[in-house]
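*Asks:* Provided below for reference: sequence and predicted model.
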Amino acid sequence: MRLALIAVALAAGLSACNDTTTASRAPTQAPGVPIALESISGAPDGVRGSFTSALSNEANARRLDIVDPATNPRYRVRGYLAAQPTEDGQTSLAFVWDVFDSQKKRAQRVQGATVARGNGGWNSVDQTTMTKAASESMDQIAQFLVGQDQVAAASTSAPSAVEAARTANAAQPSLALRR
């Protein structure tokens, strides 16, 4: 938990330099990849509920399948949110997501932050800020999942180096020494 807080603090510090925006590019698509949103910690109940809804909408936009954790999904996501003051007097909504594989081993960490208008802590985190953070969160998660699917496809369809060498040797005519 302490490591998550440190990561959130670092992300919040970085957010003062960058405002996360995803309007300039299309969201990454990860069709049919089943994930379960297991937990969101750190935010008050009202914010957590709104943020969960925003995450669900962003997952749908990327064609991710949000499933019940009891269905044994391929990936599980657990997250932490924090509203931190920035140096210029605004509020940063920082997020950290851990993506776990089916063996419940962490496969990826996703983090970032979005700057909200105002310096009222959680009171400054409006729906626009939550939507931006949810969009960036799901985009990073989808990018990871697409990469994992490509790695899995390559490992099942590409022959190993040993198999490739055997195939190449079998195709060449045998060179026999003559006396």
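*Replies:* Thanks, I have the structure now. Numbering: from 1, shown residues only.
*Asks:* The one helix or strand Gln84 maps to - contacts with which helices or strands?
*Replies:* Here Gln84 is covered by strand 75-85, with elements defined by DSSP states H and E. Judged by 3 or more CB pairs under 8 Å, 6 or more residues apart in numbering; DSSP states H and E, strand 75-85 is in contact with helix 2-15, strand 34-41, helix 45-61, strand 91-100, helix 127-157. In this view, the C-beta of every residue, glycine as well, is placed from N, C-alpha and C.
*Asks:* Now do the third one and helix 127-157, the angle between them.
*Replies:* When you say that, I think you mean helix 45-61. 40 degrees (axes from the mean of the first three to the mean of the last three CA atoms, to 10 degrees).
*Asks:* hmm, who's touching helix 45-61?
*Replies:* 27, 35, 37, 40, 43, 66, 81, 122, 125, 127, 130-131, 133-135, 137-139 (CB atoms under 8 Å, 6 or more residues apart in numbering).
*Asks:* Flag the shaky bits of this protein, pLDDT-wise.
*Replies:* 1-31, 149-179 (pLDDT under 70).
*Asks:* on that earlier part again, would you mark the buried spots in the strand holding Gln84?
*Replies:* 75-84 (16 or more other CB atoms under 10 Å).
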